[in-house]
Each structure stands twice: as C-alpha cells, then as structure tokens.
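>>> return a 3D structure for these sequence lines:
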Amino acid sequence: MEEFVYYGELFNIYGSLLNESNRKYYKLYYEENFTLQEIADLEKVSKSYVGNIINKTSKKLKEYESKLHIYESKRKLEEILFLDDINKIKNSIKELIEF
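As a prediction, the model looks like this:
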C-alpha cells in the first residue's frame with residue numbers, strides 16, 4: 001500500500017511530464033483504482049500491454065524524482081513544519097537548500 005501511495009504522489013508531481021496515453025492509464029490505475037484487466041477492457045488492449053505501460057511509467061516517474069528530488073524535498077519540508085526549535089528549523093532548511 002505504501003508503494004501505491006508513493007507512486008500516486010510521484011504522479012501528482014510529475015504527471016504533466018508524461019504523454020497523454022501514459023497519464024490516462026496511470027490515472028485509471030492509481031487514482032480510479034481500476035485493475036489492469038479493467039483498463040485493458042476499456043481501452044481494447046491486452047492486460048500485458050497495460051501492465052507494461054504502468055511499469056514503464058513508474059520507472060519514468062522514479063527517474064524524474066531521482067533527478068529533481070521534488071517528492072523528497074516536500075517530505076523534508078513537511079518534517080520541518082513540526083520542529084519547535086528555531087535553530088533546528090534553520091539548520092534543516094539550510095541542509096535542504098544545499099541539497
């Protein structure tokens with residue numbers, strides 16, 4: 001389930017960088033919770049084709065994150081919001097900026 005949420009977050013961040021077809025399949029799978037077979041039936045393609053698109057799209061999203069680090073930076077900023085010590089906040093922001 002955690003992986004499902006992770007890829008959903010990556011899709012929210014980087015989805016606009018994908019082509020329309022990949023975006024459509026990925027949205028059906030991750031946001032609408034369609035099964036691979038349901039998507040295949042809807043699009044009149046094979047289940048394995050849909051699976052390949054989902055896998056390739058997942059790899060592409062991970063590639064974007066490995067280069068841009070938006071998801072990781074967002075998580076770090078969320079952690080900083082819960083800090084009480086101003087010096088810890090400053091140091092955490094400094095680390096994030098220098099990242």
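>>> quick one, what contacts Ile39?
25, 28-29, 50 (Cβ atoms under 8 Å, 6 or more residues apart in numbering). (C-beta placed from N, C-alpha, C; glycine too.)
>>> using the three-state scheme, assign Ile97.
Counting by DSSP: H, G, I helix; E, B strand; the rest coil, the backbone at Ile97 sits in helix.
>>> give the buried residues for the strand or helix carrying Ile39.
Counting by DSSP states H and E, the element that carries Ile39 is helix 36-43. By 16 or more other Cβ atoms under 10 Å, the buried positions in helix 36-43 come out as 36, 39-40.
>>> so where's the chain shaky on pLDDT?
Low-confidence segments of the chain, defined by pLDDT under 70: 1, 99.
>>> show me where it has helices.
2-14, 20-30, 36-43, 47-68, 70-80, 86-98 (DSSP state H).
>>> just name the most buried of these.
Greatest average neighbour count among the helices of the chain goes to helix 20-30 (a mean of 18), per mean count of other Cβ atoms under 10 Å.
>>> what comes into contact with it?
So helix 20-30 is contacted by 4, 7-8, 11, 15-16, 18, 34, 36, 38-39, 42-43, 50, 53-54, 56-57, 60 (Cβ under 8 Å, 6+ apart).
>>> apply 6 Å and report the result again.
8, 11, 15, 34, 39, 53-54, 57 (Cβ atoms under 6 Å, 6 or more residues apart in numbering).
>>> nearest to Ile89, of the residues you listed?
Distances from Ile89 to the contacts of helix 20-30, taken as Cβ to Cβ, are shortest for Gly8 (28.7 Å).
>>> look up how far Ile13 lies from Ser73.
Applying Cβ to Cβ, to the nearest Å, the value for Ser73 to Ile13 is 10 Å.
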